[in-house]
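Visitor: Fold the following for me, if possible:
(chains A and B)
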Amino acid sequence: QKEVEQNSGPLSVPEGAIASLNCTYSDRGSQSFFWYRQYSGKSPELIMFIYSNGDKEDGRFTAQLNKASQYVSLLIRDSQPSDSATYLCAVIEGAQKLVFGQGTRLTINP
Amino acid sequence: GAVVSQHPSWVICKSGTSVKIECRSLDFQATTMFWYRQFPKQSLMLMATSNEGSKATYEQGVEKDKFLINHASLTLSTLTVTSAHPEDSSFYICRATGPTDLANEKLFFGSGTQLSVL
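Guide: Modelled structure (predicted):
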């Protein structure tokens, strides 16, 4: 199984600031990348997906992909307390099989 | 959007009993079902992959005789934890994918089942 690495945190960010979450992956052939948010005791929910190098923006969220350096990041602008959660980076391996990183716990401080 | 219904949401059982978890795709055909397990403060670990009508493929280290997976129809897959022990206590989540013409981003998770074995 290929590896997906994340800093487990916790990452603390003041409300209104930018939260930056990073992820690296080992399989250079990976093509599809996902960021999920998971609240405690709940199932993951998809935040962003990205396939191409560069930035992809959706509201307060921006995903950044750099295939040459094998990293993908997620920026959350204007962070809100409701953004406090664990953020999981995931990579598609094979036929639709998702491999997850260990997750980064994010806390937004009011 | 497509919905995957997972039941029960949580279950408490005695050691040695068996527990069945169901995942149903409500408005699409789930050709493939992935079953994950998540221990507290850890990430989701894939246990097995099942395709409708076929035997499940288990990840290394997952006992196929302990975690029985059935995917007999395109709308229902079940995971049975047989002779459960306290170390099996975990959060179990299913994820369904449909035919290949559905985009990869449509990767639907069930709501999860918290299993506590006493």
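Visitor: and the host helix or strand of B:Ala48, C-alpha only, in PDB?
Guide: According to DSSP states H and E, B:Ala48 maps onto strand B:45-51. Once non-C-alpha atoms are left out, strand B:45-51 reads as follows in PDB (Å, rounded to 0.1, in the frame of the first residue of the first chain):
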ATOM      1  CA  MET B  45      -7.700   1.800   7.400                       C
ATOM      2  CA  LEU B  46      -9.100  -0.200   4.600                       C
ATOM      3  CA  MET B  47     -10.100  -3.600   5.600                       C
ATOM      4  CA  ALA B  48     -11.500  -5.100   2.400                       C
ATOM      5  CA  THR B  49     -13.000  -4.400  -1.000                       C
ATOM      6  CA  SER B  50     -16.000  -6.200  -2.300                       C
ATOM      7  CA  ASN B  51     -17.500  -6.300  -5.800                       C
END
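Visitor: near chain B at all, stretch A:74-89?
Guide: Yes: Stretch A:74-89 reaches chain B (CB under 8 Å from any CB of the partner chain) through A:Leu88. C-beta here means a position set from N, CA and C on the backbone, and glycine is covered the same way.
Visitor: before we move on, back to that, other SSEs contacting whichever helix or strand comes after the strand holding B:Ala48?
Guide: Sequence-wise, the next helix or strand downstream of strand B:45-51 (DSSP H and E) is strand B:57-58. Packing contacts for strand B:57-58, counted by 3 or more CB pairs under 8 Å, 6 or more residues apart in numbering or on different chains; DSSP states H and E, involve strand B:45-51.
Visitor: So what touches the strand it packs on?
Guide: Contact with strand B:45-51 is made by A:1, A:97-100, B:31-38, B:56-59, B:62, B:64, B:67, B:69-71, B:77, B:79, as judged by CB atoms under 8 Å, 6 or more residues apart in numbering or on different chains.
Visitor: rewinding a little: within the sheet, what are the partner strands of the strand holding B:Ala48, with directions?
Guide: strand B:32-38 (antiparallel), strand B:57-58 (antiparallel) (DSSP bridges).
Visitor: quick one on the thing from earlier: hmm, which of the contacts of strand B:45-51 are the buried ones?
Guide: Buried residues within the contacts of strand B:45-51, counting neighbours by 16 or more other CB atoms under 10 Å in any protein chain shown: A:97-100, B:31-38, B:56, B:58, B:62, B:67, B:69-71, B:77, B:79.
Visitor: count of neighbours near B:Ser15?
Guide: Around B:Ser15 there are 12 other residues, counting by other CB atoms under 10 Å in any protein chain shown.
Visitor: Hmm, it is touching B:Leu118, no?
Guide: Yes: between B:Ser15 and B:Leu118 a contact is recorded at 6.4 Å, counting by CB atoms under 8 Å.
Visitor: Now list whatever residues contact both of those two.
Guide: Joint contacts of B:Ser15 and B:Leu118 (CB under 8 Å, 6+ apart) are B:Pro86.
Visitor: Can you confirm whether the helix-or-strand element of chain A with minimal mean pLDDT lies near chain B?
Guide: Ranked by mean pLDDT, DSSP states H and E, the helix or strand of chain A with the weakest confidence is strand A:97-100, at a mean of 88. Yes: Strand A:97-100 lies within reach of chain B by CB under 8 Å from any CB, at A:97-100.
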